[in-house]
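Visitor: Quick one: sequence and predicted model below, then my questions.
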Amino acid sequence: MKLTLTCLLATLLTFGIQAQNIKAYTTAQAHSHNDYVRKRPFYDAYEQQFGSIEADVHLVNDTLYVAHDSKEINPNKTLAALYLTPIQEQADKNGGNIYPQKNVHLQLLIDLKTSGPETLAALVKELEPYKKVLAPSGLVTVVVSGNVPDPATFENYPDYIFFDGRPENTYTPAQLAHIGLISQAFQKYSRWNGEGPLLEKEKKNIQKMITQTHDLGKKVRIWATPDNINSWKTMMSLGVDYLNTDKVLEMGDYLRTAPR
């Protein structure tokens with residue numbers, strides 16, 4: 001009887017901790033994966049008040065285009081047109097704030113698809129006119145992913161450029177100061193399809209990575225997670241900081257209205 005009661009109390013405590021984690025989430029913890037493929041890039045996620053938006057970038061000649069691969073490049077879909085100009089417009093409209101609410105941050109994850117040094121140099125040049133709205137002085141944190149340079153060169157870039165790290169890499173304290181986020185593919189941990197429970201062993205491996213990352217003072221994004229409510233709940237219970245989704249409107253509705 002004592003053993004049964006102990007097990008019951010442990011189960012209730014675990015459920016309570018998970019429920020507490022889930023309750024704390026808002027659309028500020030949502031990440032709009034491949035945001036540029038939507039009919040309204042930036043604005044769909046912005047109107048849902050997402051905390052993170054992703055854009056894949058290709059350098060062609062001197063212009064940065066937003067597309068998944070080079071075959072999809074559209075001359076009208078530049079990084080400036082789809083993201084930087086709208087962000088600046090919102091900052092001008094809201095007195096320096098990106099969202100109407102004061103001091104709400106936005107992460108712009110820029111995935112470099114073409115050669116790192118040249119593309120990154122072009123990105124630095126492109127961002128320079130917008131640096132007042134960029135962290136550390138502003139409310140938009142630019143995190144560079146994809147073709148990320150050697151961490152030994154991080155300090156060579158302006159302070160408004162942060163980088164997407166990997167949990168398996170070891171960074172010096174100086175390098176870690178330039179890391180804005182730690183990301184990893186879900187498939188590194190599991191082949192779960194989002195139906196039913198995640199295997200306990202896989203859950204523990206993910207939890208270990210999250211704890212180690214949080215101990216470094218960094219936030220976690222896991223990409224290519226199953227994209228359904230059951231998966232969202234699971235990632236929330238594990239403490240993933242940015243919930244990866246292609247279903248911007250659905251996740252926005254869920255995070256605002258789901259029963260806790």
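Guide: On my side now, so go ahead.
Visitor: ok, now which ones touch Asn94?
Guide: Neighbour list for Asn94: Pro100 [criterion: Cβ atoms under 8 Å, 6 or more residues apart in numbering]. Placement of C-beta: from N, CA and C, glycine included.
Visitor: Pull up the gap between it and Arg256, please.
Guide: Applying Cβ to Cβ, to the nearest Å, the value for Asn94 to Arg256 is 21 Å.
Visitor: count of neighbours near Ala258?
Guide: By other Cβ atoms under 10 Å, the residues close to Ala258 number 14.
Visitor: actually Pro41, not the one I wrote
Guide: 21.
Visitor: pretty sure it contacts Thr85?
Guide: No - with contact defined as Cβ atoms under 8 Å, Pro41 does not reach Thr85; the gap is 11.6 Å.
Visitor: what's the first-to-last distance across stretch 100-115?
Guide: One end of stretch 100-115 sits 37 Å from the other (Cα to Cα, to the nearest Å).
Visitor: swap that for stretch 148-167, please
Guide: Stretch 148-167 has an end-to-end distance of 15 Å (Cα to Cα).
Visitor: Name the residues of that stretch that are buried.
Guide: Within stretch 148-167, the residues scored as buried using 16 or more other Cβ atoms under 10 Å are Val148, Pro149, Pro151, Phe154, Tyr157, Tyr160, Ile161, Phe162, Phe163, Asp164, Gly165, Pro167.
Visitor: List the contacts of it.
Guide: Residues from elsewhere that reach stretch 148-167 (Cβ under 8 Å, 6+ apart): 109, 112, 116-117, 120, 123-124, 127-128, 131, 134-138, 141-146, 169, 171-172, 174-176, 178-184, 209, 212-213, 218.
Visitor: Show me those that map onto strands.
Guide: Among those, the members falling in strands (DSSP state E) are 109, 112, 141-146, 179-184.
Visitor: how close does the closest residue to Ile206 other than its chain neighbours get to His31?
Guide: Sequence neighbours aside, Tyr189 is the residue nearest to Ile206 in space, at 5.1 Å (criterion: Cβ to Cβ, 6 or more residues apart in numbering). Separation of Tyr189 from His31 (Cβ to Cβ) stands at 18 Å.
Visitor: Neighbour count for these two, which is higher?
Guide: Neighbours per residue, other Cβ under 10 Å: of Tyr189 and His31, the larger number sits with His31, 26 against 21.
Visitor: Make sure that one is indeed in a helix.
Guide: No - in this structure, His31 is strand, not part of a helix, as judged by DSSP: H, G, I helix; E, B strand; the rest coil.
Visitor: Tell me which residues touch it, please.
Guide: Contacts for His31 (Cβ under 8 Å, 6+ apart) come out as Phe50, Gly51, Ser52, Ile53, Glu54, Gln107, Leu109, Arg221, Tyr242, Leu243, Asn244, Thr245.
Visitor: No further questions, thank you.
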